[in-house]
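Participant: Structure, please.
(2 chains)
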Amino acid sequence: DTGVSQDPRHKITKRGQNVTFRCDPISEHNRLYWYRQTLGQGPEFLTYFQNEAQLEKSRLLSDRFSAERPKGSFSTLEIQRTEQGDSAMYLCASSLRTGDLYEQYFGPGTRLTVT
Amino acid sequence: KQEVTQIPAALSVPEGENLVLNCSFTDSAIYNLQWFRQDPGKGLTSLLLIQSSQREQTSGRLNASLDKSSGRSTLYIAASQPGDSATYLCAVTVKGVSGYSTLTFGKGTMLLVSP
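Facilitator: The predicted structure is shown next:
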C-alpha cells in the first residue's frame, strides 16, 4: 500500500498525559501537513513541513503541541499535558508539487479521546 | 481570511436522483479547489481537483465546476446510489502567512441516499 498511513488509529488517554502520533507520507512526497478535525467541522490546518523544515504553524498549535519530521520522511505530532478540548481526529496529508498542482492525499487519521 | 461555506449542511435523497452540492469561498486568490469524501470516522478521499485556471473536472458520475471570480463551486452527482452516502467536503488551496500553500475546508455536506 503506497498511501499515507497513520498510527495509532485510535488513542484514549487521561487528561494530563502526553501522546504522540506518527504519520508516514507517500514515499516521494516532500510536503507533509497535519490537520485537526472536531465533530461536525471541517479539518483545520495545524502545521506544514517541506522535507524536514517546518515552514508554517497555525495559531491553533499551542505550546503543548510539537511536530517533527526528522530526515524529511515520517512525522510525529506530540501533545503534552492533554486536555479534553484536544479530543479530535488528527489527520495527516502529503503532497508533491507538480507545476501549480497542490493535491493533498490524506491518511485515515488518528482519533484521540481525552477522558 | 479565507472562509469556505457549504450548502446544504445535510441532504437526504432517494436513490437515482441527481443532486448538487454547493461551495462558496470569500477570497478568489486560490491555487485550486478540491472536493473530498469522508465516511464516518474515516479519513478523506480526494474526489476531484480543479486548478484555478480550469472551469470543471469530471470523474465518472461526478462533475465539479469552478467559478473563481464569483467564489463558487458545485459538485454534481448523477444517478445517486446508497454507496454515495457520506460527508462531502470542499477545500481551497491558499497561501498561508509564510507564503506556502495550505487547505481551508468547509464544514461539509452530509449526504444520505436511501434505497
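Participant: and residue B:5, what pLDDT?
Facilitator: On pLDDT, residue B:5 comes in at 97.
Participant: Mind listing the residues bridging to it?
Facilitator: Beta-bridge pairing for residue B:5 (DSSP bridges): residue B:24.
Participant: distance of it from chain A?
Facilitator: Computed as CB to the nearest CB, to the nearest Å, the residue B:5 to chain A distance reads 10 Å. Every residue, glycine included, has its C-beta placed from N, CA and C.
Participant: Compute the number of surrounding residues for that residue.
Facilitator: 14 (other CB atoms under 10 Å in any protein chain shown).
Participant: got it, and residue B:87?
Facilitator: Using other CB under 10 Å, residue B:87 has 21 neighbouring residues.
Participant: for residue A:15, same thing?
Facilitator: For residue A:15, the count of nearby residues is 13 (other CB under 10 Å).
Participant: Just say helix, strand or coil for it.
Facilitator: coil (DSSP: H, G, I helix; E, B strand; the rest coil).
Participant: quick one: contacts for it?
Facilitator: By CB atoms under 8 Å, 6 or more residues apart in numbering or on different chains, the contact set of residue A:15 is A:82-84, A:114-115.
Participant: who touches the helix or strand containing residue B:36?
Facilitator: According to DSSP states H and E, residue B:36 maps onto strand B:32-38. Here strand B:32-38 makes contact (CB under 8 Å, 6+ apart) with A:100-104, A:106, B:23, B:25, B:44-52, B:62, B:64, B:66, B:73, B:75, B:86-93, B:103, B:108.
Participant: need the residues of chain B near chain A, please.
Facilitator: Neighbours of chain A within chain B, by CB under 8 Å from any CB of the partner chain: B:4, B:31-32, B:34, B:36, B:41-46, B:49, B:51-53, B:89, B:91, B:93, B:96-98, B:100-108.
Participant: could you say what helices and strands the helix or strand of chain B at the bottom of the mean pLDDT ranking packs with?
Facilitator: The weakest-scoring helix or strand in chain B, judged by mean pLDDT, DSSP states H and E, is strand B:101-105 (a mean of 87). Identification of packing neighbours for strand B:101-105 by 3 or more CB pairs under 8 Å, 6 or more residues apart in numbering or on different chains; DSSP states H and E yields strand A:31-37, strand A:44-50, strand B:86-95.
Participant: The helix or strand just after that strand packs against which elements?
Facilitator: Following strand B:101-105 in sequence order, the next helix or strand is strand B:109-114 (DSSP H and E). Under the contact criterion of 3+ CB pairs under 8 Å, 6+ apart, strand B:109-114 touches strand B:10-14, strand B:19-25, strand B:86-95.
Participant: let's see 6 Å
Facilitator: Counting by 3 or more CB pairs under 6 Å, 6 or more residues apart in numbering or on different chains; DSSP states H and E, the packing neighbours recorded for strand B:109-114 are strand B:10-14.
Participant: With just CA atoms, put the strand it packs on into PDB.
Facilitator: C-alpha atoms of strand B:10-14 as PDB (Å, rounded to 0.1, in the frame of the first residue of the first chain):
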ATOM      1  CA  ALA B  10     -27.300  17.900   5.100                       C
ATOM      2  CA  LEU B  11     -29.200  16.400   2.300                       C
ATOM      3  CA  SER B  12     -31.400  13.300   2.100                       C
ATOM      4  CA  VAL B  13     -32.500  11.900  -1.300                       C
ATOM      5  CA  PRO B  14     -33.900   8.700  -2.800                       C
END
